[in-house]
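**Q** structure of the sequence below:
(chains A, B, C and D)
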Number of protein chains: 2
Amino acid sequence: MHDGAAQEPVAGLGEVERRVISFCCDGVRILGLPKSIGEIYGLLFLARTPLALDDFVARLGISKGSVSQGLKLLRTLGAIVEVEGPDQRRTYFQADLNLKRLVGGFIREQVRPHLKSGDEKLKEIAEVIEKEEDEDDRAFYQDRLGKLDRWSKQARLLLPLLQRVLGE
Amino acid sequence: MHDGAAQEPVAGLGEVERRVISFCCDGVRILGLPKSIGEIYGLLFLARTPLALDDFVARLGISKGSVSQGLKLLRTLGAIVEVEGPDQRRTYFQADLNLKRLVGGFIREQVRPHLKSGDEKLKEIAEVIEKEEDEDDRAFYQDRLGKLDRWSKQARLLLPLLQRVLGE
DNA sequence: CCCACCGTTCAATTATTTTTGAACCCAATA
DNA sequence: TATTGGGTTCAAAAATAATTGAACGGTGGG
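**A** Okay, the predicted model is just below:
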C-alpha cells in the first residue's frame, strides 16, 4: 500500500517544522485523510500564534482551495478551533492539543457514519435471507450473518472504550 | 473522501452473496485496503467449501493477478488459511472466522510498522531540536514534541487492549 | 452603494492507487 | 526431458482521490 518513506520537502519552513509536518502527514494518512490535512494541522500544531487561511497558503505552498477545505474538515473534527486574531476580518485558528477531543471528533465524523450504514446493510441482508427457500442455505447464511452482526457490535462497543483510554 | 454508497454489482452471484461481499468491501475500505480484498474475503466467508484461485477469478470476474495478490495479503493478515482440497495441484483457502486473529493480523502487518517508523521520526526530531540555538524556541519545540511522544505511546498502548476486547 | 478583500465552491487537472494481462517460473506428469 | 497447468510478477492501463485555480458570494469600510 504506502510505505511511509519519501516525502517531498516542504519549502519555507524550519527543519523542525518540516519534520513535524511530515510526521503529521503520516499520522493522518493512517486515518485515511489526505496529506494536506496533515500539513495544515502540523503547521498549526507548531504555531505560537493563531493562523489564518493565507498563512497556510504562504507557508505550505498549497492552494487556497485546499486550505479552505482542510480547515473545514479539521474544524468539524474538532482538531482545530476558531479564535480571535489581529485582523478583524480574517478567521484565525489554533490547534486543539487535547487528544481525547481529537479522537472523539474523528470517531463521530469518520467512523460512526460507516458503522451506521453498515448496520443498515446487515438488516437488509437479514431480510433477504428470510426469503431464501432452501432450508440448509437459510440456516448457513443466518449463521454467517450472525458472525457479521457480532463483529459490528464489537466494533461499536469499542468506540467508547477507545475514547476513555485516550482520555487525556 | 468516500461516502459508503454506490457499489457496482457483482455478477454471477446470489443476492445474499452480492450483499455480503459489498458489506465486506465497505469493511476493508475503512481499514484502507482495496475493494478486491473485500470481494475475495467476502466470497470465501460465505463459501461452504474451500476455494482456489480460479474460483475467485470465475465467480468475482476479477483478474488472476488481483486474486493472487489479494490471497497473498489475506494470508499474511491471517484472515484466510490454506487447506487441502479436491485437486491436489491447487492451493485452497478457507476464511478464518476468528475476529481476534483477524484484528491481530491487521495490527501486526498494517498498524505496528507505521507506529514503529513514527517513533523513529520522533527520535530524529528530538535530535534536531537539541541543536536549536534559541532557548525559547527549544523549550517550545520540546513541549510540543512531548505531546506527540505521549500520543504515540498511547496509540501503542491501545493495541493490546484492542486485541483483548475483541478476543472472541 | 460600491469596492476591496476574505473565504468557499467546484470543474478541470494532476497524483496516486488499484487492476489488468501477458510473460514468466516451477512442479508434476507423461 | 518436453509439456501442461497452477500461481506469481510487474509494467502498463484504468480507476479513484486529491489539488488547483478561477469564478463566485458575502461582508465591512469608505
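
**Q** any idea how many residues pack against the closest residue to residue A:114 other than its chain neighbours?
**A** Spatial nearest neighbour of residue A:114, chain neighbours left out: residue B:30 (5.5 Å); criterion: C-beta to C-beta, 6 or more residues apart in numbering or on different chains. Any C-beta I mention is one placed from the backbone N, CA and C, and that applies to glycine too. By other C-beta atoms under 10 Å in any protein chain shown, the residues close to residue B:30 number 17.

**Q** from what I can see residue B:30 touches residue A:113, true?
**A** No - applying C-beta atoms under 8 Å, one finds residue B:30 not in contact with residue A:113, separated by 10.5 Å.

**Q** now the residue nearest to the spatial centre of chain A. Nearest residue, chain neighbours left out?
**A** The C-alpha lying nearest the average C-alpha coordinate of chain A belongs to residue A:106 (C-alpha atoms, centre = their mean; 4.7 Å). Leaving aside its chain neighbours, residue A:106 sits nearest to residue A:77 (5.8 Å; criterion: C-beta to C-beta, 6+ apart).

**Q** again with residue A:119
**A** Nearest residue to residue A:119 in three dimensions, chain neighbours excluded: residue A:152, at 6.1 Å (C-beta to C-beta, 6+ apart).

**Q** didn't the residue nearest to the centre of chain A look like it was pressed against residue A:32?
**A** No - counting by C-beta under 8 Å, residue A:106 sits too far from residue A:32 to count as a contact (10.0 Å).

**Q** angle of the lengthiest helix in chain A against helix B:135-165?
**A** In chain A, taking DSSP state H as the definition, the longest helix is helix A:135-165. Angle of helix A:135-165 versus helix B:135-165, following axes from the mean of the first three to the mean of the last three C-alpha atoms, to 10 degrees, is 150 degrees.

**Q** any idea of the mean pLDDT in helix A:135-165?
**A** Computed over helix A:135-165, the mean pLDDT rounds to 94.

**Q** tell me the buried residues in that helix?
**A** Buried residues in helix A:135-165, defined by neighbour count with 16 or more other C-beta atoms under 10 Å in any protein chain shown: A:140-141, A:144-145, A:148, A:151-152, A:154-155, A:158-159, A:162-163.

**Q** now, which of the residues you listed sits nearest residue A:101?
**A** Closest approach to residue A:101 among the buried residues of helix A:135-165 (C-beta to C-beta): residue A:163, at 9.6 Å.

**Q** about what we covered before: can you pull the contacts of the residue nearest to residue A:106?
**A** Counting by C-beta atoms under 8 Å, 6 or more residues apart in numbering or on different chains, residue A:77 makes contact with A:102, A:105-106, A:109-110.

**Q** repeat for residue A:64
**A** A:53-54, A:57.

**Q** same thing with residue A:62?
**A** A:36, A:39, A:56.

**Q** restricted to helices, list those.
**A** Counting by DSSP H, the contacts of residue A:62 contribute A:36, A:39, A:56 to helices.

**Q** what about DNA strand D: which of these touch it?
**A** The overlap between those and the neighbours of DNA strand D (C-beta under 7 Å from any atom of the strand) comes to residue A:36.
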